[in-house]
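A.B. asks: Here is a sequence with its predicted model. Questions after.
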Amino acid sequence: MPNTIDWLHQPYWMTMGPLLTLVVTAFLVMVLELIFRNGDRRWLTGISMLGTLVALGVALGHFNAQPSQALNTVVIDAFSSVFSVLILITVFLVLLFTLDYKGSNRLAAEHTYLLLFAAVGALAMATAVDLVTLYVGLELLSIASYVLVAVRRKSTHSVEGGIKYMLMGALGSAVLLYGISFIYGISGTTNLMSLSAVAVTMYTTYPAITVLGFVLMLFGMGFKLSLVPFHMWTPDAYAGAPSAISSFLATLSKSAAFAMLLRMLLFIFNGVADKVFFWAGILAAITMVVGNFIALPQRNMKRLLAFSSVAQAGYILVPFALIGASTVQDWPSLFDSISFYLFAYTFMTVGAFAVVHIVSEQKHTLDSDALIGLYHRSPWLAVALSIFMLSLAGMPLTAGFLGKFYIFSNTVQLHTPWLGIVLFATSVVSFYYYLGWLRKVFQHNPEEERVAVPISLPMNTLVALCVVLTLVLGLVPATLLHPLLNAHWVY
Amino acid sequence: MVEYAWLAPVLPLVGYVFLLALGRRAAEGLVAGVSVILTFLSFLVSLAVFTALGAHPDVTGTYTMRWLTLGAHSIDVGFQVTHLNALMLVVVSAVSTLVFLFSKGYMHKDERFPVFYQYLNLFVFSMMALVVSPNLLQLYIFWEMVGLCSYLLIGFWYFKPEAALAAKKSFIVTRLGDVGLFIGIILLFLSSGSFDYSTVFQAATTGHLGLSWITPADLTTLTGILVFVGAAGKSAQFPLHVWLPDAMEGPTPVSALIHAATMVAAGVYLVARMYPLFVASGTALTVVAWVGGITALLGALIALTQRDIKRVIAYSTISQLGYMMMGLGVGAYAYGMFHLFTHAFFKALLFLAAGSVIHAVDTQDLFEMGGLGKKMRITQWTFLFGALSLSGVFPWAGFWSKDSIINATLQSGHMTLFWIAEIAAFCTAFYIFRVYFLTFHGKPRDESKMAHAHEGSWVMTVPLIILAVMAFIAGLFNTGLNNFGLQRYLMADSPTGLIGKVYPDNVPLMIISVTVALVGIGLAALMYWKPVISAEKLARNLSGLYRLSFNKFYLDEIYYGVVVWTGKLIAGIVDFFDRYILDLIVRMLGRLGYMGGVGLKYTQTGQVQTYSVIAFFGIMILLAIAMFHVGGVF
């Protein structure tokens, strides 16, 4: 009913400010890239980072805004704000990461605005409340990601990873759309707010179709989140892509996909959560088990981080599954767990990829033996990597520990201890491969091989940022928890 | 000002981080300079907080932020400023500053000089953070951290086997106490739902400290005693005192700072901090009083016969800590803390003076010294001030504080404890003047060692002089001269009488106490200065008693027999179980897991066709189960 919309008083800027800022920046960078074709063009990345910071400022400025919506399609609430902030911080970190590629190692210049467009898609996934808009956001993110993985056209690994990712991604989109079409078929609407109003009726009338819709949508997103058994493209794509892009895939596209999945399922299955979310728990358990065990024999550092990211997605899916066992009063605590873990996961993962990148550039190999004696080559990198690994493994005093701790205590509070036990047990398994790296890092190596590792300024900054953020979240979780606790969660 | 109290612990932490960054090869001057300046700033902050509280008693406050939320409970971190805390801050920072300065001379040319200062800084940070902790959990964290620093510093010269052993012993013995404290804290948390002092006290005093298996009154007593067990471990109270004399293997400045003035007082501080809990349970308080009394006497008796100068002073510390505990136990909260305050100065002084002697003659055996007074005027005079203060001679500091405690035992009707205190006081005067005369008077017994003895540089003498002045005047902070300022200050923490009583001066008792002290000093003079009475003959005549005292009542041997052997037996059984049963299971699990991983790895064929097939079957199987579960599509 377009005539009822008051065009002048729609809160466009509130709901879409960060998104519009990034769109403008992306087009600007695209045009500039066409005009200035020569020389070191990393200043384009600088402009992109500036745009990201402005968008971040806008997002933070509206952080505690009263929930509101525009066009019946985009909303601002704590949920969208938290995820927008996370997405923008991640884009900033990844852009910082790409600054390290220069000279003969440089990436095709398109990567800058492709990253920005991917981020625009991610922001749409975090803010939209219409299935069509959400899907468009997802495809914007996905298609940009496929290209980014294959950004090194001359490298077979890169192209192979890109193609595999695209094929599996297409499969995922198909499954997701199939699920959405069932829901649309029985409800006749794609608007999440309308859907949430009819959710209970939908389930009582067509229980099987509703469950079918849920499961298919979950599986479709499962491809993007690399949940088991839809994870198999992950190591190929991560190992083939440049490390900066791998870190982007592991963090940004996962955060966005989680945001979208949560928003979608929570609205569509509002009131019947206890009937359907159970299936997410099954998927979480399988993912945690397979992801952790398959990582055990890995020697390739990036493939290991890929499997680690599979397992980590399983952890994050746990509070998700708990929605089925909860009442509305418990939701804030579950959202806190999910978003806290995603923040923690982002910082430690980007940091780990950064260190792996630096080390593999020096040693020209991705084999984890490249880490041997890192402590003697660069104590700083060794300590930083230790912090990331301990955090990924979930050792106290790091962000990863508290993230897991919150999730674990959720499982206990909501009387679903079996998920907590799987989480705990598989975390123990993960110690083997995370701490296995540490053993190599602090191992002695022959004196003559102790060549100091060259680290560029952007990488130093990036690693330092990730270290600080990982530790701050681990030592003073209140810095993040406090804003989360005070948020008005769902529109 | 009070809201800046966090600076007091943070400044030494800055020092620690800075020294850590400087590394192990930093210049001595820089290391010591930075440390001294930072702790001095910390002292100024503490003093400002102290005076701010004095001017406005009601500005005490708790500053916390939420750290963790666990369901209905939450844990805060932050800091708390009370009168008690402020006093402790001043004591710790003041003594630390002087010891930091002294160490510059004492540790000169030690290979690990910067490391020594790193540990010291870390210790001061932990100790001050312990003092300002607003809840029991935070206290426990820093409690363990000071324990760790103590371990590192006792074993600082780890290449000496005795030092390594002593470090281990102190760590293990205090751990026995810490277990008690930990259980106590957990019980308090379970029964009151909080780690915060105020909540715990509220529950304890109103009888709401409840668990299903125990009555509130019993629980109060139980937790009180458990907390005291922790305090006894840290403050070397009988029977957990055995680690402190061995801890003298550490460098002497460490003995002065950690094992005399500050860390060992943490136990006393803990009892004072938890005082409402102890008051709520009369029994726990009685236990504190008696353990304190026994420790005071036992320490003094053992100190009578020891040959090592530092060990005498160490036993004296044990004995004096016993006095403080006894004071707290008989309800004289303010006097216990007052004695802690004066003791910190005169005991640090005695240790540093002893350090100065050891530095000069390179031996710790009293019977290899003698006649040092002529070569080391300043050390002699400052030691004398410390000794007079310890003995409780009017008007030195120790007189005022010790006499207040003895007075309190009498006034509160603890007659046995009163006599114990007086006997211990007599022994105290005797043993410390035995040390004084043997060290500084008479003829040198070992000429070769005396020949090159000389006074240390100004960094060593200045702290001695300052401490000597404090050992003289610190007692005046709580006399009629300033209308008993210190006790009024301390009692302001709880105007409702939750924290014990104070008593008016008792002049006849003062005269008796001073007489007792003077008799002790006189006896020491007759035996070791002008040898009218032969010490050897006396020892032979009382050989049983002498051996009992010299061998420290055989407590170490008893410990070895009971604790160590039981421990070894249990360890043997557990070792067998672990090695042959648990290990086997763990190994098998590990092997299986790894093989599972390898198996899964083979699914990763690199063929995108395989990927799709697996995904397809995954979807199909799960869908089939889900559809079956929901009752079919049609």
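C.D. replies: All right, it came through fine.

A.B. asks: Helix, strand or coil: sort out the nearest residue to B:Arg540 once chain neighbours are set aside for me.
C.D. replies: Among residues not flanking B:Arg540 along the chain, B:Tyr546 sits closest, at 8.0 Å (CB to CB, 6 or more residues apart in numbering or on different chains). In short, each C-beta sits where N, CA and C put it, glycine included. Secondary structure assignment for B:Tyr546 (DSSP: H, G, I helix; E, B strand; the rest coil): helix.

A.B. asks: what does the model give B:Tyr546 for pLDDT?
C.D. replies: You'll see B:Tyr546 listed with a pLDDT of 79.

A.B. asks: For the residue of the stretch 351-491 of chain A found nearest chain B, report the pLDDT, please.
C.D. replies: Nearest residue of the stretch 351-491 of chain A to chain B (CB to the nearest CB) works out as A:Ala478 at 5.0 Å. Looking at A:Ala478, its pLDDT is 78.

A.B. asks: Now it. Nearest residue, chain neighbours left out?
C.D. replies: B:Arg66 (5.0 Å).

A.B. asks: Hmm, the one you found is touching A:Leu481, no?
C.D. replies: Yes: using CB atoms under 8 Å, B:Arg66 is in contact with A:Leu481, at 7.4 Å.

A.B. asks: So between the two, which is more surrounded?
C.D. replies: Comparing B:Arg66 with A:Leu481 by other CB atoms under 10 Å in any protein chain shown, the one with more neighbours is A:Leu481, at 20 against 16.

A.B. asks: those strands in chain B, which residues are they?
C.D. replies: Assigned by DSSP state E, the strands in chain B fall at B:61-70, B:73-81.

A.B. asks: residues in contact with stretch A:405-412?
C.D. replies: Contacts to stretch A:405-412, defined as CB atoms under 8 Å, 6 or more residues apart in numbering or on different chains, come from residues A:315-316, A:318-319, A:322, A:330, A:333-334, A:336-337, A:340-341, A:394, A:417, A:419-420, A:423-424, B:70-71.

A.B. asks: Ignore what I typed, I meant stretch A:382-399.
C.D. replies: Residues from elsewhere that reach stretch A:382-399, judged by CB under 8 Å, 6+ apart: A:308, A:312, A:343-344, A:347-349, A:351-352, A:355, A:371, A:374-375, A:400-401, A:403-405, A:427, A:430-431, A:434-435, A:437-438, A:441-442, A:463-464, A:466-467, A:469-475, A:477.

A.B. asks: one step back: hang on, the residue nearest to B:Arg540 packs against B:Leu301?
C.D. replies: No: the pair B:Tyr546 / B:Leu301 is not scored as a contact, 10.7 Å apart, by CB under 8 Å.

A.B. asks: Just the pLDDT at B:Phe617, thanks.
C.D. replies: 90.

A.B. asks: How about the contacts made by it?
C.D. replies: B:Phe617 touches A:Pro229, counting by CB under 8 Å, 6+ apart.

A.B. asks: Same check on B:Ala353?
C.D. replies: Contacts for B:Ala353 (CB under 8 Å, 6+ apart) come out as B:Thr379, B:Thr382, B:Phe383, B:Gly386, B:Leu464.

A.B. asks: Correct me if wrong: the last one contacts B:Ala354.
C.D. replies: What that stands for is B:Leu464. No: in this structure B:Leu464 lies outside contact range of B:Ala354 using CB under 8 Å: 10.7 Å.

A.B. asks: ok, of the contacts of stretch A:382-399, which come out buried?
C.D. replies: Neighbour-count burial (16 or more other CB atoms under 10 Å in any protein chain shown) applied to those gives A:308, A:312, A:343-344, A:347-349, A:351-352, A:355, A:371, A:374-375, A:400-401, A:403-405, A:427, A:430-431, A:434, A:437-438, A:441, A:463, A:466-467, A:469-471, A:473-475, A:477.

A.B. asks: Please determine how far A:Ala118 is located from A:Ser84.
C.D. replies: To A:Ser84, A:Ala118 is 14 Å away according to CB to CB, to the nearest Å.

A.B. asks: ok, now B:Phe577?
C.D. replies: The gap separating B:Phe577 from A:Ser84 is 55 Å, by CB to CB.

A.B. asks: And for B:Leu476?
C.D. replies: Using CB to CB, B:Leu476 is found at 65 Å from A:Ser84.

A.B. asks: Do you know the pLDDT at B:Met588?
C.D. replies: For B:Met588, pLDDT reads 86.

A.B. asks: Which positions in the stretch 501-634 of chain B make contact with chain A?
C.D. replies: Contact residues (CB under 8 Å from any CB of the partner chain) of the stretch 501-634 of chain B with chain A: B:590, B:593-594, B:596-598, B:600-601, B:603-604, B:606, B:608, B:610-612, B:614-615, B:617-619, B:622-623, B:626-627, B:630-634.

A.B. asks: Quick one: buried ones out of those residues?
C.D. replies: Buried among those (16+ other CB under 10 Å): B:593, B:596-597, B:600-601, B:604, B:608, B:611-612, B:614-615, B:618-619, B:622-623, B:626, B:630.

A.B. asks: Find the residue ranges of the stretch 301-450 of chain A scoring beneath the pLDDT cut-off.
C.D. replies: Applying pLDDT under 70 to the stretch 301-450 of chain A flags the ranges A:447-449.

A.B. asks: no wait, the stretch 151-300 of chain A
C.D. replies: By pLDDT under 70, the stretch 151-300 of chain A has no low-scoring segment.

A.B. asks: Leaving out sequence neighbours, find the closest residue to B:Ile172.
C.D. replies: Spatial nearest neighbour of B:Ile172, excluding adjacent residues (CB to CB, 6+ apart): B:Trp243 at 7.9 Å.
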